[in-house]
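Engineer: This is a predicted model, with the sequence first.
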Amino acid sequence: MLVRKSVSLKGILAFAGHHFWWLISYMVIVAVLFKVLNWHWVSIPWLPVSLIGTAVAFYLGFKNNQSYDRVWEARKIWGAIINSSRTWGMMVNAFVKHDDLTSAQIHEIKTRLIYRHIAWVYIFREQLLVPTQWEHVSLNHMIGSMAKKRREKFGVGQFKDYLNETQRAHYFSEADQWKNAANKATQIINLQSLDLAKLEEHESLHMRRQLDMQKVLSEFYDHQGRAERIKKFPLPRQYASLSFIFTCIFIFLLPLGMVAEFDKLGEAGVWMMIPIGTIAGWIYVVMELIGDYSENPFEGLWTDVPMLSICRTIEIDLLQMIGETDIPKPVQPVNDVLM
């Protein structure tokens, strides 16, 4: 997630500046064919081009709206995870007690339940970052290569060492129980449920309170399933792919419709078409790219939901609830990106 108030010119050029070169080249080719070689037959009437441009703009607007909905839903899901996690911490802190247990034993039970939940949020984040076949980092050739570089330079690659050895030892001490699971996060919540049932059996947790805590675990499954739905179900490809095709068709037709119109302006009119056509085409390209990169909010790029920052917020809140003093610091933006 970008945290700057506005996107810098450098950032815009890094994201889409390379598209200027082929756009300029294409505009120059059409201008030379029309003006120098007198191939006036390459021009077409402007009216059909403008109609296609209008239709493509509406289509791109629809795609971008759907992409934004996916990003915003993803952020709401992680916001709900924060709220449910705080509820979990409150219940663990208040409900776990027994007259026959020492304060050290009670603290050990609370710590186990809290540490295991912190492990869940971090493991769940890692699962969501595993690339799917339609995400940019999984593609071949230049697009995939560029996405991998962006992931390392502007995305999760900037936040590799987010847990130290002590944190890993605390939170992943039970890793043997879920390391071979197909869905590790699912099994961690299941361990929590079994632990609650065992505590209730030994009368360390009242049955009614155990049921209330089981409901919170069900909420975590609900949040997990909603996030997995976004991750595992892409924006329907008929919308995503056709918008790219329509944009390409429009940009191909754009200088062919503009060249004759600019020729009416005089001797230098055709050459003025080059910068104007380049800018117009680039705007459509950027609109397509914004929707394309926003549709996957768990891709590990700077367009993602800041899951790591949210995980750290949950970690800090829960550790403070059980009286821990060794509290990690919040995740800070790197190069104006918060992950």
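Structural biologist: Cool, the structure landed.

Engineer: Buried residues, the helix or strand containing Asp195. List them.
Structural biologist: Asp195 is part of helix 184-201 when elements are defined by DSSP states H and E. When burial is assessed from 16 or more other CB atoms under 10 Å, helix 184-201 yields the following buried residues: 184-192, 195-196, 199-200. No exception for glycine: its C-beta is placed from N, CA and C like everyone else's.

Engineer: Is it possible to get the residues you listed out as TSV so that each row also shows distance to Leu33?
Structural biologist: As requested, those are exported to TSV (distance: CB to CB, whole Å):
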residue	distance to Leu33
Lys184	59
Ala185	58
Thr186	60
Gln187	64
Ile188	63
Ile189	64
Asn190	67
Leu191	69
Gln192	69
Asp195	74
Leu196	74
Leu199	79
Glu200	81
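
Engineer: Okay, buried residues for stretch 215-235 please.
Structural biologist: Buried, per 16+ other CB under 10 Å, within stretch 215-235: 216-217, 219-220, 223-224, 226-228, 230-231, 234-235.

Engineer: and it, C-alpha only, in CSV?
Structural biologist: Taking C-alpha atoms only, stretch 215-235 is exported to CSV below (Å, rounded to 0.1, in the frame of the first residue of the first chain):
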residue,chain,number,x,y,z
LYS,A,215,-17.7,-18.8,18.2
VAL,A,216,-14.7,-16.4,17.8
LEU,A,217,-12.7,-19.3,16.3
SER,A,218,-15.6,-19.7,13.8
GLU,A,219,-15.3,-16.0,12.9
PHE,A,220,-11.6,-16.6,12.1
TYR,A,221,-12.6,-19.4,9.7
ASP,A,222,-15.2,-17.0,8.1
HIS,A,223,-12.5,-14.3,7.7
GLN,A,224,-10.1,-16.8,6.3
GLY,A,225,-12.6,-18.2,3.8
ARG,A,226,-13.6,-14.8,2.5
ALA,A,227,-9.9,-13.8,1.9
GLU,A,228,-9.3,-17.2,0.2
ARG,A,229,-12.2,-16.5,-2.0
ILE,A,230,-10.6,-13.4,-3.3
LYS,A,231,-7.2,-15.1,-3.6
LYS,A,232,-8.4,-18.2,-5.4
PHE,A,233,-11.1,-16.7,-7.6
PRO,A,234,-9.8,-14.1,-10.0
LEU,A,235,-11.6,-11.3,-11.6
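
Engineer: Touching it from outside, list them.
Structural biologist: Residues outside stretch 215-235 that contact it (CB atoms under 8 Å, 6 or more residues apart in numbering): 63, 66-67, 70, 73-74, 77-78, 80-81, 84, 87-88, 91, 120, 124, 128, 132, 134, 185-186, 189, 192-193, 196, 240, 295-298.

Engineer: Can you give the distance of the helix or strand harbouring Ala260 from its chain's centre?
Structural biologist: Using DSSP H and E, Ala260 maps to helix 237-263. Put simply, helix 237-263 sits 28 Å off its chain's centre (CA atoms, centre = their mean, to the nearest Å).

Engineer: What of stretch 84-101?
Structural biologist: Per CA atoms, centre = their mean, the centroid offset for stretch 84-101 relative to its chain is 33 Å.

Engineer: for the record, mean pLDDT for it?
Structural biologist: The pLDDT scores in stretch 84-101 average 85.

Engineer: and what of stretch 177-188?
Structural biologist: On average, the pLDDT along stretch 177-188 is 90.

Engineer: do the same with stretch 9-26
Structural biologist: 83.

Engineer: Can you give the contact residues for it?
Structural biologist: Contacts of stretch 9-26 (CB under 8 Å, 6+ apart): 2, 251, 255, 274, 277-278, 281-282, 285-286, 289, 336.

Engineer: Would you report which members of the contacts of stretch 215-235 are assigned to helices?
Structural biologist: In helices, judged by DSSP state H, the following of the contacts of stretch 215-235 are found: 63, 66-67, 70, 73-74, 77-78, 80-81, 84, 87-88, 91, 120, 124, 128, 185-186, 189, 192-193, 196, 240.

Engineer: Of these, select the buried ones using a ChimeraX command.
Structural biologist: Per 16+ other CB under 10 Å, the buried members of those correspond to this ChimeraX selection:
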select :63,66,67,70,74,77,78,80,81,84,88,91,120,124,128,185,186,189,192,196,240
